[in-house]
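[1] output the structure for:
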Amino acid sequence: MKRGGVSYRVRLADGRKVALGRNLEEALAAYVNLMSAGGHDESTRLARELLQRHRKGAAARRIAFDLTEEDVVAMLKRAGGRCEVTNKRFGDDKPPGSRIRPWAPSIDRRDSSAGYTASNCRLVCAYVNVAMNRFGDDLLVELIEAIVRREVRQAMLSHFPRKRRSLGAVGNAGNPESSASDAPSD
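    Residues are numbered from 1 along each chain as shown. Okay, here's the model as predicted:
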């Protein structure tokens, strides 16, 4: 999906260009409707691409692969263009020097000891899939929460410099990694 001038548009697999709307939310809704209705070709193309890539990887790692094209199309519809873990929109951006497109859709197995089945799989950003590779959702969520706590604390300290000592104590409350030096002194 590209923004051209004053509206968003998409080029379908058959070469047709379809206008989706003037604002991003409107365009995303139109895109989802298009993919779930008559624009079936684009979601089928993406489903085939995901199937081929993940089937090849599963075979190389000797993991059972029981997904069909219909399963992946259903996942695409369910995800609605967003990562099912983070709710971040999928995208094709590829940072210079990177071997992966971090925001591209990727098939994740919820239980990594089980194979690729419709009930065990969901669509996530490739970056999220890599991050959860060995440790799963729980540690990724813990990491994200730690980052958010740090960012909120830094934002609060920069906005309220006089309250630095008391905010420092509040920001680290319940954090087992905080040290005595983080606590306010009298």
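
[2] contact partners for His54?
    Applying CB atoms under 8 Å, 6 or more residues apart in numbering to His54 gives the contacts 65, 67, 106-107, 116. C-beta here means a position set from N, CA and C on the backbone, and glycine is covered the same way.

[3] the domain parsing of this structure - what is it?
    1-34, 39-134, 139-178 (automatic domain parsing).

[4] how about low-confidence regions in the protein?
    1-6, 12-16, 35-41, 161-186 (pLDDT under 70).

[5] could you redo the last one with a cut-off of 50?
    The model of the chain has pLDDT under 50 over residues 39, 174, 178-186.

[6] what comes up buried for the longest helix seen in it?
    In the chain, ranked by residue count with DSSP state H as the criterion, the top helix is helix 136-159. By neighbour count with 16 or more other CB atoms under 10 Å, helix 136-159 contains the buried residues 140, 153, 156.

[7] check the offset of it from the chain's centre.
    From the chain centre to the centre of helix 136-159 is a distance of 18 Å (CA atoms, centre = their mean, to the nearest Å).

[8] re earlier: pick the most deeply packed of the domains of the chain.
    Mean neighbours per residue, mean count of other CB atoms under 10 Å, is largest over the domains of the chain for domain 39-134, with a mean of 16.

[9] can you spell out which helices and strands pack onto the longest helix of the chain?
    Packed against helix 136-159, as judged by 3 or more CB pairs under 8 Å, 6 or more residues apart in numbering; DSSP states H and E, are the following elements: helix 126-131, helix 164-171.

[10] okay, helices next: where are they in the protein?
    In the chain, the helices defined using DSSP H lie at 24-36, 40-60, 69-79, 126-131, 136-159, 164-171.

[11] for the shortest one, packing partners?
    Helices and strands touching helix 126-131, as assessed by 3+ CB pairs under 8 Å, 6+ apart, comprise strand 105-109, helix 136-159.
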